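Asks: prediction below, plus the sequence it came from.
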Amino acid sequence: MTERADMLNIRRSMIKKLHGLRRKWKDDFYDSIKDVARHPVVLRMKLYPHHGNTNCYQHCMNVAYYNYLWCRFFHLDAESAARAGMLHDLFLYDWHTHAARTGDKFHGLTHPDVSFRNASRLYKLNKVEKDIIRNHMWPVTFFRFPRTKEGWVTTVTDKYCGACETSRRK
Ligand SMILES: [Fe+2]
Ligand SMILES: [Fe+2]
């Protein structure tokens, strides 16, 4: 009976520790992106629908959060991964009507450069951030693949978030 009570106590304290750690990582995540998340140009992404019922801003926030978790877990540059996640789709137009309006039928290939140009006007980007924004569309951009581990993480989190957002359409 005592042994069982001890096991339960250990389990309870482990769960408490995990909850504490999760809260701390969430707070640290928000600290690392808060200036980006509140920037008026970045906030404009809320105007543009992206996957399913999700707008560009929410999608970027989702990618930033998963980037932060995975990169911190693997001891990579979690802060840069989160900040670039927040900026990776800063193309600032509705891609659903973009081709009809502009004649650019290759949004999937061109938007990383548009987002990179827009993001560069707002922030001095480091090597990891540049790589994430420019190369997040691999494998669509077959010859343009990430050069950093954080960039590879983003190719996965971006697709994962996109799939979850699309499946939550209704
Ligand atoms: Fe994208
Ligand atoms: Fe994306």
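Replies: Perfect, thanks for sending it. Ligands and ions are numbered 1, 2, ... in the order given.

Asks: which residues in this protein form helices?
Replies: 2-37, 40-43, 56-73, 78-87, 95-102, 107-122, 127-135, 149-167 (DSSP state H).

Asks: so for the fifth one, what gets flagged as buried?
Replies: The neighbour-count check on helix 95-102 (16 or more other C-beta atoms under 10 Å) flags 95, 98 as buried. In this view, the C-beta of every residue, glycine as well, is placed from N, C-alpha and C.

Asks: chain center to it: distance?
Replies: On the basis of C-alpha atoms, centre = their mean, to the nearest Å, helix 95-102 is displaced by 24 Å from the centre of the chain it belongs to.

Asks: ligand 2 contacts on the protein?
Replies: With the criterion set to C-beta under 5 Å from the ion, the chain comes near ligand 2 through 89, 158.

Asks: just put the helices of the chain in JSON lines and tack on mean pLDDT.
Replies: As requested, these are exported to JSON lines (pLDDT from 0 to 100):
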{"stretch": "helix 2-37", "mean pLDDT": "93"}
{"stretch": "helix 40-43", "mean pLDDT": "98"}
{"stretch": "helix 56-73", "mean pLDDT": "98"}
{"stretch": "helix 78-87", "mean pLDDT": "98"}
{"stretch": "helix 95-102", "mean pLDDT": "93"}
{"stretch": "helix 107-122", "mean pLDDT": "97"}
{"stretch": "helix 127-135", "mean pLDDT": "98"}
{"stretch": "helix 149-167", "mean pLDDT": "97"}
